[in-house]
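A.B. asks: For reference, the sequence and a predicted model appear below.
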Amino acid sequence: RGSGVDVVDALGGDVDGARKAKRQLGAPGVVIDGLGQGDNVEALFAQTVGGLGGAVTAQYKQAVELQLMIGVDHRRHLLDTIGLGGIQTLERCAAPAPGGAPPGPRRPKPLGGLGRLETMLEDAAALTGTAELAFFRRAVLVLCADNGVVAQGVSQTDQSVTRAVAENLAARRTSVCQMAKTARCEVVPVDLGMAGEPVPGVQNCRIAAGTADFTTGPAMTRQQAVDAIAAGIGLVRAQKAAGVQLLATGEMGIGNTTTSSAVAAVLLGQPVERMTGRGAGLSDAGLARKLDAIRRGIARNRPDAADPLDVLSKLGGFDIAGLCGVFLGGALEGLPVLMDGFISGVAALCAVRLCPAAEKAVFASHCSTEPAARLVLEALGKAPLLTAGLHLGEGTGAVASIPLWDMALAVYCDCYSFTEGGITPYTPQC
């Protein structure tokens, strides 16, 4: 009996028909294609395969190295040619174990009565590989970075605000810090690419001092995008090693709704105006400048929608790339990652486009008021727990959803059973 099945059964769900009962897990070990050049990437590939007990052959390393010089259209052919079977996802199935332990007692409630709170726990059990769920240790990673496109007047404040908020994150004074206290969640601010000197109290994973203005050329090099993704994966591994069981995502970076809208417009093939909102409260004139900057950036860089890393490096930000790595890291480490709003949603979309199996680590928290937020959720196949009109950033929406995890787990772990209550269990009738 797989872990997802155990949770479905304990919560009083339809075990025979449960989708989660048959889902595959991606236990630590997703082979990620298309990240590009660099020792960190080769190490990532090696660790991934080695972690599953696979041999890291010279042929495999050659595949990584050769990918550097070819486009996405030729990558699958290359991997097939050298005998790696194409782009793979190494997975194991949550199949019933022979002689496995019987399921725990079922909870007395209507089938599926807790809605998404139930499917959330089923997904978490499938991801982690255990029905013994615990989320006592939780943290929110707030990735901070500056964006060169602010030079185009796409926001009502300048880059100095990124630094000011990062300083207050370090002092635990911002909105997410106050919410995290209530949710018993640690706040981990990280510098992925802020302008100026490093901020004391903010973890330094800086790739560069901000991205370039994408209206004049690529926001970053492909290698810098790879480095930011690798940094995000590294952050997850460090949190997992520290005992964290649930990760929330957050970001801080003036101009990052502009970069997110640009990336989303290309990946989803949508008109720029449909994907772009007012961010932190732009005027009509400011919104016009924002739309114009995105259109010019796309025209100038001509990103390949079939190559997520190309789109990310040309139009994205270090915060988005780092968060992309966080979602990939969650899949690799079997650690649930709470998506925040629009910006982290775009990062999750990049992760899933790079490696579809990463979807299993993405847990939606809320739906932002940004126009494209719901389109991104739909593209990911995710439904939010909260729809509260949030659009603050910093990971506030993700942290706001954590008490719902606590409540769902309390029912799963502590509620009495049908037998204890003297109640006949519900059965599916439709």
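C.D. replies: Cool, got the structure. Numbers count the residues shown, from 1 in each chain.
A.B. asks: Can you check the pLDDT for residue 2?
C.D. replies: Per-residue pLDDT puts residue 2 at 49.
A.B. asks: Spell out the residue ranges of the helices in the stretch 101-250 of the chain.
C.D. replies: In the stretch 101-250 of the chain, the helices defined using DSSP state H, counting those that start in this stretch lie at 116-128, 160-170, 175-182, 222-241.
A.B. asks: If you could redo that for the stretch 301-430 of the chain, that was the one I meant.
C.D. replies: So, for the stretch 301-430 of the chain - with DSSP H, counting those that start in this stretch - the helices run 308-315, 318-333, 342-354, 373-380, 396-414, 418-421.
A.B. asks: Out of these, which is the most enclosed?
C.D. replies: Each of the helices of the stretch 301-430 of the chain was scored by mean neighbour count; the highest is helix 318-333, a mean of 31, by mean count of other C-beta atoms under 10 Å. Where C-beta positions appear, they are placed from N, C-alpha and C, glycine not excepted.
A.B. asks: what helices or strands is it leaning on?
C.D. replies: strand 138-145, strand 186-193, helix 222-241, strand 246-252, helix 256-268, helix 308-315, strand 337-339, helix 342-354 (3 or more C-beta pairs under 8 Å, 6 or more residues apart in numbering; DSSP states H and E).
A.B. asks: For it, output the C-alpha coordinates as CSV.
C.D. replies: Extracted in CSV, the C-alpha atoms of helix 318-333 (Å, rounded to 0.1, in the frame of the first residue of the first chain):
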residue,chain,number,x,y,z
PHE,A,318,17.9,35.9,-10.2
ASP,A,319,15.0,35.6,-7.7
ILE,A,320,12.9,33.7,-10.3
ALA,A,321,15.8,31.5,-11.3
GLY,A,322,16.7,30.7,-7.7
LEU,A,323,13.0,29.9,-6.9
CYS,A,324,13.0,27.6,-10.0
GLY,A,325,15.8,25.8,-8.3
VAL,A,326,13.9,25.6,-5.0
PHE,A,327,11.1,23.8,-6.7
LEU,A,328,13.5,21.4,-8.4
GLY,A,329,15.3,20.9,-5.1
GLY,A,330,12.0,20.1,-3.4
ALA,A,331,11.4,17.3,-6.0
LEU,A,332,14.9,16.0,-5.6
GLU,A,333,14.7,16.0,-1.8
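A.B. asks: Quick one: mean pLDDT over it.
C.D. replies: Mean predicted lDDT for helix 318-333 stands at 95.
A.B. asks: Then stretch 143-156?
C.D. replies: Averaging pLDDT along stretch 143-156 yields 96.
A.B. asks: same question, stretch 359-366
C.D. replies: pLDDT averaged over stretch 359-366 gives 94.
A.B. asks: now swap in stretch 266-282 and tell me
C.D. replies: 91.
A.B. asks: Can we start the residue count at 470 from this point?
C.D. replies: In the new numbering, first residue 470, that becomes stretch 735-751.
A.B. asks: in it, what's buried?
C.D. replies: Going by neighbour count (16 or more other C-beta atoms under 10 Å), the buried part of stretch 735-751 is 735-737, 739, 741, 744-748, 751.
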